[in-house]
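S.K.: Quick check, what structure comes out for this input:
(one chain, ligands or ions: 1)
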Amino acid sequence: MTTVLPEPLSARIRYHLEGLRVGEIRITRCSVCRRAQLPPRSSCPECHTGEPFTWERASGLATIWSFCVFHKAYLPPPAPQPPYTVAVVELAEGPRMVTNIVDVDPHTLRIGDSVAPVFGPDGAPEVRFRPVTLRR
Ligand SMILES: [Zn+2]
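M.R.: Reported below is the predicted structural model:
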């Protein structure tokens, strides 16, 4: 999927969120320097150009770039309950995103672990990640 979308930023964010609803991580790529971006921006942080950008569907492959384990609940369910992990994952395409790592004992995680996306239930526009290999 490659589509040029010269639209306002709010439309870009909406398109990205619509992607999450259908199980896609949609990123933009600068047409000048080819840097991939998430979230979509009105100008490229690398070469500072404006339009046009192309849309891509990220592969979903990612690695844990950083993480911490929370042992206190700051919000009631459905927010994550302790212990839970807040992580920065780096997509294979380059952009990093803040997320949660789920379906794992957070104390077994390591920086550099491979993770795959878990999309929100019932079309919720959210994505979390889980380890690619099963951990106990
Ligand atoms: Zn650029």
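
S.K.: Next, work out how far apart the residue lying closest to E126 once chain neighbours are set aside and C33 are.
M.R.: In this structure, E126 finds its nearest non-sequential neighbour in G120, 3.8 Å apart by Cβ to Cβ, 6 or more residues apart in numbering. Where you see a C-beta, it was placed from the backbone N, CA and C, and this is true even at glycine. From G120 over to C33 the distance is 32 Å, taken as Cβ to Cβ, to the nearest Å.

S.K.: again, but for W65
M.R.: Noted for W65: a distance of 21 Å to C33, by Cβ to Cβ.

S.K.: Figure out the helix or strand that A11 lives in.
M.R.: helix 9-21 (DSSP states H and E).

S.K.: Tell me how far that helix lies from the chain's centre.
M.R.: Centre-to-centre, helix 9-21 and its host chain are 13 Å apart (Cα atoms, centre = their mean, to the nearest Å).

S.K.: Touching that helix from outside, list them.
M.R.: The contact list for helix 9-21 (Cβ atoms under 8 Å, 6 or more residues apart in numbering) reads 5, 7, 25-28, 38-42, 55, 57, 119-120, 123-127.

S.K.: Only the buried residues of that helix, if you could.
M.R.: Using 16 or more other Cβ atoms under 10 Å as the test for burial, helix 9-21 gives R12, Y15, H16, G19, L20.

S.K.: number of nearby residues for the residue nearest to E126?
M.R.: Close neighbours of G120, defined as other Cβ atoms under 10 Å, add up to 14.

S.K.: how about it, what does it touch?
M.R.: L20, R21, E126, V127, R128.

S.K.: before we move on, what about G123?
M.R.: With Cβ under 8 Å, 6+ apart, G123 has these contacts: R21, V22.

S.K.: quick one, phi psi at the closest residue to Q37 other than its chain neighbours?
M.R.: Nearest residue to Q37, sequence neighbours excluded (Cβ to Cβ, 6+ apart): T28, at 5.0 Å. Main-chain torsions, T28, degrees, to the nearest 10: phi -110, psi 160.

S.K.: So T28 is in contact with S42, correct?
M.R.: No - between T28 and S42 there is no contact under Cβ atoms under 8 Å: 10.3 Å.

S.K.: Perfect, that will be all.
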